[in-house]
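Novice: One predicted model, sequence on top.
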Amino acid sequence: MLDFFISPAHAAAEAATPGLMDFAFPIVLLVLFYFMLIRPQSKRAKEHRNMQSGIDKGDEVVTDGGLMGKITAIGDNAITVQIAENIEVKVRRESINSVLSKGTLKKL
């Protein structure tokens with residue numbers, strides 16, 4: 001009923017001017033996206049890089065494929081992992097998933 005009294009030019013002018021809320025929503029969405037997705041992922045990637053750079057001979061590790069073993073040799077791109085008596089495999093440095101605490105393999 002009140003729309004009948006508003007002139008079309010006045011109504012079009014109000015709709016054409018963007019308000020502060022039109023710009024606030026995408027900015028809030030980007031900030032939320034950063035704190036919920038980007039920041040935690042980059043933190044995990046940094047921790048993984050630090051773990052991989054700190055790998056040393058004799059460490060017990062788990063690979064991405066699930067192999068568990070002790071590191072016997074370290075090269076530039078490959079690491080030799082002893083998974084059983086007289087059985088060693090070479091894996092890429094990036095495929096080391098985690099470093100186990102000392103003595104974990106004996107407990108298993």
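Specialist: Received it, and whenever you're ready, just let me know what you need.

Novice: Show me the domain layout of this structure.
Specialist: Using automatic domain parsing, the domain ranges for the chain come out as 2-51, 57-107.

Novice: which of those domains has the lowest average pLDDT?
Specialist: Looking at the domains of the chain, the lowest mean pLDDT belongs to domain 2-51 (a mean of 79).

Novice: elements contacting the helix or strand that contains Val91?
Specialist: Using DSSP states H and E, Val91 sits within strand 87-92. If contacts are counted by 3 or more CB pairs under 8 Å, 6 or more residues apart in numbering; DSSP states H and E, strand 87-92 sits against strand 78-84. The C-beta positions use only the backbone N, C-alpha and C, and glycine is treated the same way.

Novice: This structure: helices as residue ranges?
Specialist: Using DSSP state H, the helices found in the chain span residues 8-16, 20-33, 39-53, 104-107.

Novice: Would you format the ones you listed as CSV with mean neighbour count and distance to Ile74 included?
Specialist: Formatted as CSV, the helices of the chain follow (neighbours: other CB atoms under 10 Å; distance: least, CB to CB, whole Å):
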stretch, mean neighbour count, distance to Ile74
helix 8-16, 9, 65
helix 20-33, 9, 38
helix 39-53, 11, 11
helix 104-107, 10, 18
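
Novice: Of all the ones you listed, which one comes closest to Ser98?
Specialist: Of all those, it is helix 39-53 that lies closest to Ser98, at 7.2 Å by CB to CB.

Novice: can you dump the C-alpha coordinates of that closest one into PDB?
Specialist: What follows is helix 39-53, C-alpha atoms only, in PDB (Å, rounded to 0.1, in the frame of the first residue of the first chain):
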ATOM      1  CA  ARG A  39      45.800 -20.500   7.900                       C
ATOM      2  CA  PRO A  40      45.400 -24.000   9.400                       C
ATOM      3  CA  GLN A  41      46.500 -25.700   6.200                       C
ATOM      4  CA  SER A  42      49.600 -23.500   5.900                       C
ATOM      5  CA  LYS A  43      50.400 -24.200   9.500                       C
ATOM      6  CA  ARG A  44      50.200 -28.000   9.000                       C
ATOM      7  CA  ALA A  45      52.300 -27.700   5.800                       C
ATOM      8  CA  LYS A  46      55.000 -25.700   7.700                       C
ATOM      9  CA  GLU A  47      55.100 -28.300  10.500                       C
ATOM     10  CA  HIS A  48      55.400 -31.100   8.000                       C
ATOM     11  CA  ARG A  49      58.300 -29.400   6.200                       C
ATOM     12  CA  ASN A  50      60.000 -28.900   9.500                       C
ATOM     13  CA  MET A  51      59.500 -32.500  10.400                       C
ATOM     14  CA  GLN A  52      60.900 -33.700   7.100                       C
ATOM     15  CA  SER A  53      63.900 -31.400   7.300                       C
END
